[in-house]
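S.K.: Model the structure of this input:
(2 chains)
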Amino acid sequence: MKKSEESSYRSIKRLIGAYLRPYWFRVLIVAIVTSMSAMAPYVFGYLGKVMVDDVLQLGEIVKKTVPEQLNLLVLVFFAYIAVHLLSIGFTWFYSYNLAYVSQRIVYTLRQQLHEKLQRLQMTFFDQRQTGKIVARVIDDVDVIQGNATYTLINIISQVALLLVGVVILLKLNFTLAFIAFATLPLYAISYQILVRRIREINQSLRKKNAEIYGLLDEKITGARVIKSFAQEHFEIRKFFRKATKFIRLIMKNVLFNNTLSAIATLISGVGTAVVLWYGALQVKTGTMSLGSLLYFYSSVGVLFSPLITLTNMNVITQRLLTVLGRVFSVLDEEVTIKDSENAVELAEVKGAVSFRHVWLKYEGANEYDLKDINFEVPSGCTVSLVGPSGSGKSSLVNLLLRLYDPTKGDILIDGQSTKGIKLTSLRKHIGMVPQEAILFSGTIAQNIKYGRFNATPQQVINAAKVAEIHDFICSLPEKYETQIGERGMSLSGGQKQRLALAMALLTDPTILILDDSTSALDAETEARLWVTLKKIMANRTSFVITHRISTAMNADFILVLDKGRIVERGSHEELIASSGIYRRLFEQQRTAA
Amino acid sequence: MEKQKDSFRKLLRFTRPYRKRILIAVTFTGVLTLIGLVPPLLIKRLIDDVVGASRWDMLTGVILMLIAIPIATAGVSFLNNFVIAYIGQRLVFDVRLKMYRQLQRLSIRFYETMKTGKIVSRMMSDVAMVQNMITGNTITMVTDIISFCFATVIIFSLSWKLSVVLLGILPLYLLNYKFFMRRIRRTNISYRFEMDQITNTLQERISGTQLVRAFVKERAETQQFLAGTRRSLNYAMRGVIHSASFSTASRIINGIGSSVLFCLGCYLVIRGEITYGAVTAFMAYAQRLLGPALRFTEISNLIQQTLVSADRIFEVLDAEPEIKEVKGAKDLLPIKGYVKFENVTFAYTPGEPVLKEINLEIQPGTTVALVGHTGCGKTTIGNLLLRLYDPQSGQILIDSRNIAEVSLKSLRGQIGVVLQDTVLFNTTIKENIKYGKRNATDQEVIEAAKTAEIHDFIMSKKEGYETLIGEGGTKLSVGQKQRIAIARAIITNPGILIMDEATSSLDSESEALIQKALRKVLANRTSFVIAHRLSTIVNADLIIVMDKGRIVETGTHRELLEKKEGFYRQLHQQQHASLRAA
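M.R.: Just a heads-up that it's a prediction; the model follows:
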């Protein structure tokens, strides 16, 4: 409890110190103006009193003549209009400036978050769902936008409203004011008690709702299994039970909310009735004018709203704090993979790669994913990585790109430890085609050019030709300008892989990594592709991860991995001659198609 | 429009069981609204009669009424809200359950056309939207109509002169609202569109962050993101300006209007035409007239939105299940395992047949290996046997009975399936294994797990069979998942087993265990194996070689290799050749 209080204090301090401070003057002015415009109802109440007591002189002996009354009426009329216009102007000023400041804060926060995300290491992303990360940048910042400045200013203006109201009531009639105050805490207390229960129920409602979402998602994705096992009725019963529980919870929620609003109606209704009763008696005895009573009556009504807002503020503040905590925790996340102080720029790379006793354990994993990986690749060589799924092949090439750092050991390029090379320079020399082709929404040309923005159309076409995708692209009505991705056409796995390949080839990398990048192609296309690829790979260092022996055997040498270790190494012939995993895979693939 | 009216009518059908309750709720609401209109009149009494005319004897009466009204309101609305919420929630419950039932009836093809996300959003958001309209908005509408009508009558009876002025101001109100609402909505849409784009791009770039890094595009991405953010903020500012202008304009109309009305009223008081109490009451009723008037302009919009949601709901509810049981379908007797395909032709999309005139006869107990290139129709054979789809022509017989004529439960319940992409549910291992046989004893579960060679692994877990898997539970390897799926398939002791082997090679341990499990499972049972492993193929009783939707060869491994020009032999040799070509 102590600790969380301290951290919320720190979050608030940081929000004000780092984000609100540049706008402090604006915020201050806005706070003042807001408080002033909030007072308008009191002024209207006062004008009403003037109207009753001085213009109409109700309940009193008429002293003024009709022309006098009319003159005063005109005066009051203009006072009404003036106060209205003033308060409207204030409101306009305040909403514009409030929006201005919060938009600025949003911009700064989003910028900082995005920059941070671009620098954070892969492990950060592995441990989190994409949706959750996006929610930090979009939804959470939205909450901050809606509440950060607003909450602060609201607290100030509502407190001012409350204090001024109390003073007015006390000045009008001391006893009556105490009667009115007596009802207010009654309401606040019952609100506090019930609201906590309501909040608890709301929380479990949200949880239950998420559960139903989860259930639907799972069962709809697994529809095939349900049908295959003829379990439809079982699933319906299960859903029925979940939905029934949900409905019960909702009704409970309704019950509490209802009680709360019933209590509110009761207290405010009975309270004002009592005020009117006692007030009327005061008017009877002449201690209070009718105008004052009506003024009092309208001011009590105004007083209720800051009370509710302030009790609700607790919830908003809590929510703001949670969100701030989440956003700041991303901003404070340590960047573990970054340029060392004296990192060098590599102008030219020959492409000799060596792994020196490399061990890798992912954060939170029990076992090493790579164990004592030790090998050298002379520049220009092609290496095949073969092994069952989960044996560590992809991890190995990810290390080369420094998407992760090894737990132990070192990786060298041209004799230089990758840790001493600037990240941008290192990655520019390496072209990688990932296992699952990643393409972004946009045109085909935009995708191919992703790594080399200024490539000429001819260069794009050449890359596409090598990747055996040019003909397909040309068969589309809009050719290279075809939209792909979410709003565009969907591509088959093989087409995606070939586009990803074209993307990598266009950057003309010295080191090329193909992570099972031709697995979705049919045998014929794959064979054609490899004829050109072999040429391209002739003068660069290449790593080829594959399940297919027919692909692997083209390499200068082959590394066979199993459970994170290199278990066999050598040329195709050498490995066939021994009786290991490679040989077994070879046998398996000879017949099965 | 016709279609929308139709779905509206169908929607109303869901309210039928609650007609009485709805009637009660509407009556209550009407009474409550009427009671709510009383207090301003009481205040008028207080000002004019009690204080103004010094009728102090009336004070107690007026105050007691002022106390009685909130008590009555609190009580009645407490009950009423409860009834309304109950109706709303029951409706949601009914519609969702009906949709879920329907989903269970619908065939796999439906799930393939409409994606999971879409189905979920229909069941959740669209249903909520409709419920909101039916309960929430109907009630508001009843209140609004009553308030509007009665308030109009009352203000005219208070002072027709003031009422005429008020009615003169009213159109200004509505025009202003219409004028700005359109603009506000438009900027909101632009803002939301821009935010959607930003969110989508961000989502893409974060799930593809590996690529961004690999191509060193971090800075460019941030710049693009910021450009989008700036654009969205501009829209947001424009939205703020629009809505601030709107509220300014409406407050000006309201402020000047109410000042004019109030002062004019007071002028009439001076002239002795009406009382001050009447003026205060008039001002109170004027507000009860304006709110409903504004909401009336929104009704058509609301109805439109609701109908869109209703349409989407009925898209699911009205979908015709493709696979249906024939009337009076009888249960399939315990399967012996004789399977026959007669001239079976099938296409997922019309005009592109995946299976062409397949003829097959399998004797009980045979292990059949289906071999061929991807897309040759191997998986489809299994799908048809399970009746997840119906063939366009031809028929499939099990133990000489057409599977289209037996009950689906008896058919699918007796066929065990292991799919290539193993789907397990987020629950315990035990629950997953028992999925096809809810009443299986623990002993049966263990037996099945032992046969599938997964028992030892399960026992190595701290919580054994109670270990949670899937989201938030233990992560399993491909091999482990597949072995659990095998256990799940065989616990029912199925007469026929369909097994789609995993294509990716498994780690050496899983590989060996699965081989061992398969040997036990396949024995003495008609089995169809979509085979990728050499050992399965070589040991199969019958190999069916498929190409482009046709069966090109059948026979045992040895027989097929002996065919000189045979497809199987070619397949076999192709692999050899490409392997040797190095």
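
S.K.: Could you check the pLDDT of residue B:279?
M.R.: You'll see residue B:279 listed with a pLDDT of 90.

S.K.: Look up the closest residue to whatever residue of the stretch 1-150 of chain B ends up closest to chain A, ignoring the ones flanking it.
M.R.: At 2.4 Å from chain A, residue B:70 is the closest residue in the stretch 1-150 of chain B, using CB to the nearest CB. Every C-beta, even on glycine, is put in place using the N, C-alpha and C of the backbone. Nearest non-adjacent residue to residue B:70, counting by CB to CB, 6 or more residues apart in numbering or on different chains: residue A:269, 2.4 Å away.

S.K.: excluding its backbone neighbours, what's nearest residue B:397?
M.R.: residue B:340 (4.3 Å).

S.K.: Just after the host helix or strand of that neighbour, pick out the following helix or strand.
M.R.: Taking DSSP states H and E as the definition, one finds residue B:340 inside strand B:339-347. As assigned by DSSP H and E, the chain's next helix or strand after strand B:339-347 is strand B:353-362.

S.K.: Quickly check: the helix or strand following that following strand near chain A or not.
M.R.: The helix or strand immediately downstream of strand B:353-362 is strand B:367-371, counting by DSSP H and E. Yes. Contact between strand B:367-371 and chain A, assessed by CB under 8 Å from any CB of the partner chain, occurs at residue B:371.

S.K.: hang on, the earlier thing: averaged pLDDT, the strand holding residue B:340. What do you get?
M.R.: On average, strand B:339-347 scores 90.

S.K.: Tell me how many other residues crowd the residue nearest to residue B:397.
M.R.: By the criterion of other CB atoms under 10 Å in any protein chain shown, residue B:340 has 16 neighbours.

S.K.: my guess is it meets residue B:361, correct?
M.R.: Yes. Residue B:340 lies in contact with residue B:361 (CB atoms under 8 Å); the separation is 5.1 Å.

S.K.: Please report how far residue A:449 lies from residue B:520.
M.R.: Look at residue A:449 and residue B:520: by CB to CB, to the nearest Å, they are 55 Å apart.

S.K.: So which of the two has more stuff around it?
M.R.: residue A:449 (23 against 14).

S.K.: In chain B, where's the longest helix?
M.R.: In chain B, taking DSSP state H as the definition, the longest helix is helix B:218-270.

S.K.: near chain A at all, the helix or strand that comes right after that one?
M.R.: Downstream of helix B:218-270, the first helix or strand assigned by DSSP H and E is helix B:276-296. Yes. Counting by CB under 8 Å from any CB, chain A is contacted by helix B:276-296 at B:276, B:280.

S.K.: Next, the angle from helix B:276-296 to helix B:218-270.
M.R.: Using axes from the mean of the first three to the mean of the last three CA atoms, to 10 degrees, the inter-axis angle of helix B:276-296 relative to helix B:218-270 is 150 degrees.

S.K.: Quick one: distance of helix B:276-296 to the chain centre.
M.R.: 43 Å (CA atoms, centre = their mean, to the nearest Å).

S.K.: same question, stretch A:214-226
M.R.: The answer for stretch A:214-226 is 26 Å, by CA atoms, centre = their mean.

S.K.: contacting residues for the residue nearest to residue B:92 when sequence neighbours are not counted?
M.R.: Excluding its sequence neighbours, the residue lying closest to residue B:92 (CB to CB, 6+ apart) is residue B:131, at 4.8 Å. Going by CB atoms under 8 Å, 6 or more residues apart in numbering or on different chains, residue B:131 touches B:88, B:89, B:91, B:92, B:95.

S.K.: Mind doing that once more with 6 Å?
M.R.: B:88, B:91, B:92 (CB atoms under 6 Å, 6 or more residues apart in numbering or on different chains).

S.K.: Could you look up the SS state of the most centrally placed residue in chain B?
M.R.: Residue closest to the average C-alpha location in chain B (CA atoms, centre = their mean): residue B:120, at 1.8 Å. Per DSSP: H, G, I helix; E, B strand; the rest coil, the secondary structure class of residue B:120 is helix.

S.K.: The nearest residue to it once chain neighbours are set aside - how many residues pack around it?
M.R.: With CB to CB, 6+ apart as the criterion, residue B:120 has its nearest non-adjacent residue at 4.8 Å, and that residue is residue A:216. Using other CB under 10 Å, residue A:216 has 23 other residues around it.

S.K.: which strands and helices sit next to the one helix or strand residue A:216 maps to?
M.R.: In this assignment (DSSP H and E), residue A:216 forms part of helix A:174-221. When contacts are defined as 3 or more CB pairs under 6 Å, 6 or more residues apart in numbering or on different chains; DSSP states H and E, helix A:174-221 packs onto helix A:232-285, helix B:116-121.

S.K.: Which among the ones you listed is found nearest to residue B:303?
M.R.: Ranking the helices and strands packed on helix A:174-221 by proximity to residue B:303 (CB to CB) places helix B:116-121 first, at 20.6 Å.

S.K.: How far does the following helix or strand past that closest one sit from its chain's centre?
M.R.: Remark: after helix B:116-121, the chain's next helix or strand is helix B:127-131, criterion DSSP H and E. Relative to the centre of its chain, helix B:127-131 is centred 12 Å away, using CA atoms, centre = their mean.

S.K.: avg pLDDT for helix B:127-131?
M.R.: 86.

S.K.: Could you list the buried residues of it?
M.R.: Residues of helix B:127-131 classed as buried: B:127, B:129, B:130, B:131 (neighbour count, 16 or more other CB atoms under 10 Å in any protein chain shown).

S.K.: again, but for stretch B:59-78
M.R.: Buried, per 16+ other CB under 10 Å, within stretch B:59-78: B:59, B:62, B:63, B:66, B:67, B:69, B:70, B:73, B:74, B:76, B:77, B:78.
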